[in-house]
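**Student:** pasting the sequence and the predicted coordinates here, then a few questions.
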Amino acid sequence: MAIEEKRLILKYADQEGYTNDIDCYIKHGGYEALKKGFQMKPEDICQEVLDSGVRGRGGAGFPAGMKWKFLDRKSGKPIYLICNADESEPGTFKDRQIIHKDPHQLIEGMLCSAYAIQAKLAFIYIRGEFFEGYKILERAIEEARAKNFLGDNILGSDYSCDIIVHRGAGAYICGEETGLIESLEGKRANPRIKPPYFPAALGLYQCPTIVNNVETLCDVKHVITMGSKEFANIGTPGNTGTRIWCVSGHVQKPGYYEFPCAGVTLGELIYDVCGGLLPGRKLKAVIPGGSSSKILRADERFKGKKKDGTEFDWGIEDIPMDFDSLSLVGSMSGSGGVIIMDDSTDMVEALANINYFYAHESCGQCTPCREGVPWMKKITTRMCSGGAREEDVDLLKSIADQIEGRTICAFGEAASWPVQSFIAKFKDEFEAKAKEQALLRKQGEDTAKETSLI
Amino acid sequence: MDLKQSTLDKIDQLVPRYPDMRSAALPLCHLVQEDLGYLSNESIEWIAKRLELEPINISEIVTFYPMLKTAAPGRYQVRVCRTLSCALAGAYKTCKQFEEAFDCKVGSTSDDGLVSLEYVECHADCGRAPVVMVGEKEYTGVKTDEANELIEKIKSGTVETE
């Protein structure tokens, strides 16, 4: 029997007859959380968010309430809220669903959050390619303004807040919060160094700023509606609330599926929820949290101790889908983008594809990343076009090891982790490719094979 | 500079909303590009002046963000996502079909000016791969047959672009 989803964020999104206009939203209880929020003190909402344990859904999984706590409230400078809607981590497509199908949920979540941190101006930084999403949000904001859910003296609360939708223009690095801030200031999206530029202290226009992901801001709305206790009852301690897993690649039914944290295992997600692999195929590998997360090999055993001291011994299918479990197996839940690869996948090509992405997206600010990532791309591309060498594996690993930890932002890690993990888990395939091509060369045959991923 | 009145109105409305005028740089680039098709040196200088900036401040963002163009694209801009999930679903094959149908190498504009074909990185719709955009309109699940259909529509000028 297929496992039932438990939808919180996407509760209405795909229901028949549910539309993305404000009337439909209000009919389904919309903007009640905002009204409830206005009855509360801003600091009480902050405490509720902290108590709920909700962790950032954008990638790092940092507790949202803690992030808010770092806010510099003494500076006297204006406070800004930014919604990170630059969704561009390969394999992730959850924010798109919220923006397209339930934009008012995001707006309500933002207004609740803005009120809690006392921001008078908020931004939605939406990726440039979301042409339709941009239009939907613009319309939704005007609808909310017309009903005084946004603008001056909202619902007679004496609190005013406006939201500006700001479009990006195709750069992945804008998803990094300080890069996003630079971009929003009208500059190249070169991330800032932390410290001192923690957004909560020195963010947009050098003012205290909170940057949260779309899904995280929607969670805030539900924390207010349900109360932190009930919210924290969903999932497990330290992994509260639901998560939207975006499954793509070689499965029968790719798509987005919402479950309580740890409410589904990777095996259940692949075989029960997504209908399993394509006919006649076997599972080879899974990238569990967007292309930056470390790859898991299908036949691995994951053993170790959990935080509470209990031991675990999991196969890939046993891994509970939540922040901590995926981190225990050496990867991360990241942005929730689960990419499934079956036994037809050439792992060298898959890595070449990923390296192409990061080489294209490096902002060019730090030398190890600007020079190293395109170098890794060059090597893997050469390997796929017939020029693989036996020493390539070691060279790739050495480059990746020298990028990690030596850049201003986490892009260095994001680009190195795939290389390190592909080589750690599939070294045999990289070496086999070099040997196979050497043999063909010896026989005077063409070493280049047709490729499908690069 | 020959901007439409509606573009100028949008610009005048937008600029004062930002606490700092420079923040309007990227939105202005979008608006001018949507009006004129691409960002010429003249456009860059005009935007800089409008925001009381130096032309280099606009140039540096125009050369940074992939969606901003400095040359006129073809009548239809075809963007094929080539990132992993789309590639696993056959995006490279789809792109080859476009290349052959329009006699246009990816990364260039066809000689007849009908299409500009480019690879793009993940468009955040990986569950419906391969993803192709024509203008502002997204097409999903573009495998062999769907690609042929799209090619015919582009050739006959009946393709939806928004």
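**Tutor:** Cool, got the structure. Numbers count the residues shown, from 1 in each chain, chains lettered A, B, ... in the order given.
**Student:** next, the buried residues of stretch A:424-433.
**Tutor:** For stretch A:424-433, a neighbour-count test (16 or more other Cβ atoms under 10 Å in any protein chain shown) marks A:425-426, A:429-430, A:433 as buried. To be clear about C-beta, it is placed using only N, CA and C from the backbone, and glycine gets the same treatment.
**Student:** enumerate every residue touching the residue of chain B positioned farthest from its centre.
**Tutor:** Residue farthest from the centre of chain B, counting by Cα atoms, centre = their mean, is B:Pro19 at 28.1 Å. Residues near B:Pro19 by Cβ atoms under 8 Å, 6 or more residues apart in numbering or on different chains: A:78, A:121, A:205.
**Student:** now swap in A:Gln118 and tell me
**Tutor:** Taking Cβ under 8 Å, 6+ apart, we find A:Gln118 in contact with A:42, A:73, A:79.
**Student:** weed out the non-buried ones from those residues.
**Tutor:** For the contacts of A:Gln118, a burial check counting by 16+ other Cβ under 10 Å picks out A:Ile79.
**Student:** and the contacts of A:Gln118, which is closest to chain B?
**Tutor:** Nearest to chain B among the contacts of A:Gln118 is A:Ile79, at 12.1 Å by Cβ to the nearest Cβ.
**Student:** please verify my assumption that that closest one contacts A:Trp68.
**Tutor:** No - in this structure A:Ile79 lies outside contact range of A:Trp68 using Cβ atoms under 8 Å: 10.3 Å.
**Student:** what's the closest of the contacts of B:Pro19 to chain B?
**Tutor:** Closest approach to chain B among the contacts of B:Pro19 (Cβ to the nearest Cβ): A:Tyr205, at 5.8 Å.
**Student:** number of nearby residues for that closest one?
**Tutor:** 17 (other Cβ atoms under 10 Å in any protein chain shown).
**Student:** what's near enough to touch it?
**Tutor:** Residues near A:Tyr205 by Cβ under 8 Å, 6+ apart: A:80, A:185, B:19-20.
**Student:** need the pLDDT of it.
**Tutor:** Per-residue confidence (pLDDT) for A:Tyr205: 98.
**Student:** my read is it is in a helix, agree?
**Tutor:** Yes - under DSSP: H, G, I helix; E, B strand; the rest coil, A:Tyr205 sits within a helix.
**Student:** picking that back up, let me know the closest of the buried residues of stretch A:424-433 to chain B.
**Tutor:** When the buried residues of stretch A:424-433 are compared for distance to chain B (Cβ to the nearest Cβ), A:Phe426 wins out at 14.8 Å.
**Student:** which ones are touching the closest residue to the closest one other than its chain neighbours?
**Tutor:** Counting by Cβ to Cβ, 6 or more residues apart in numbering or on different chains, A:Met347 is the residue found nearest to A:Phe426 once chain neighbours are left out, at 4.3 Å. By Cβ under 8 Å, 6+ apart, A:Met347 lies in contact with A:284-285, A:341, A:422, A:426, A:429-430.
**Student:** which helices and strands sit right next to whatever helix or strand B:Leu117 lives in?
**Tutor:** Using DSSP states H and E, B:Leu117 sits within strand B:115-120. With contacts defined as 3 or more Cβ pairs under 8 Å, 6 or more residues apart in numbering or on different chains; DSSP states H and E, the packing partners of strand B:115-120 are strand B:76-81, helix B:91-102, strand B:108-109.
**Student:** near chain B at all, the helix or strand where A:Ala114 lies?
**Tutor:** Assessed by DSSP H and E, A:Ala114 sits inside helix A:103-117. No - Helix A:103-117 stays out of contact with chain B when judged by Cβ under 8 Å from any Cβ of the partner chain, the minimum separation being 15.0 Å.
**Student:** what about residue 15, neighbour count?
**Tutor:** Looking at chain A here, since you left the chain open. Neighbour count of A:Gln15, defined by other Cβ under 10 Å: 13.
**Student:** meant chain B actually
**Tutor:** Residues lying near B:Val15 (other Cβ under 10 Å) number 15.
**Student:** what sits closest to it if chain neighbours are left out?
**Tutor:** Among residues not flanking B:Val15 along the chain, B:Ala24 sits closest, at 4.7 Å (Cβ to Cβ, 6+ apart).
**Student:** any idea how chain B splits into domains?
**Tutor:** Structural domains assigned to chain B are B:5-62, B:76-155, following automatic domain parsing.
**Student:** got it, and chain A?
**Tutor:** Domain ranges of chain A: A:22-233, A:243-342, A:347-442, per automatic domain parsing.
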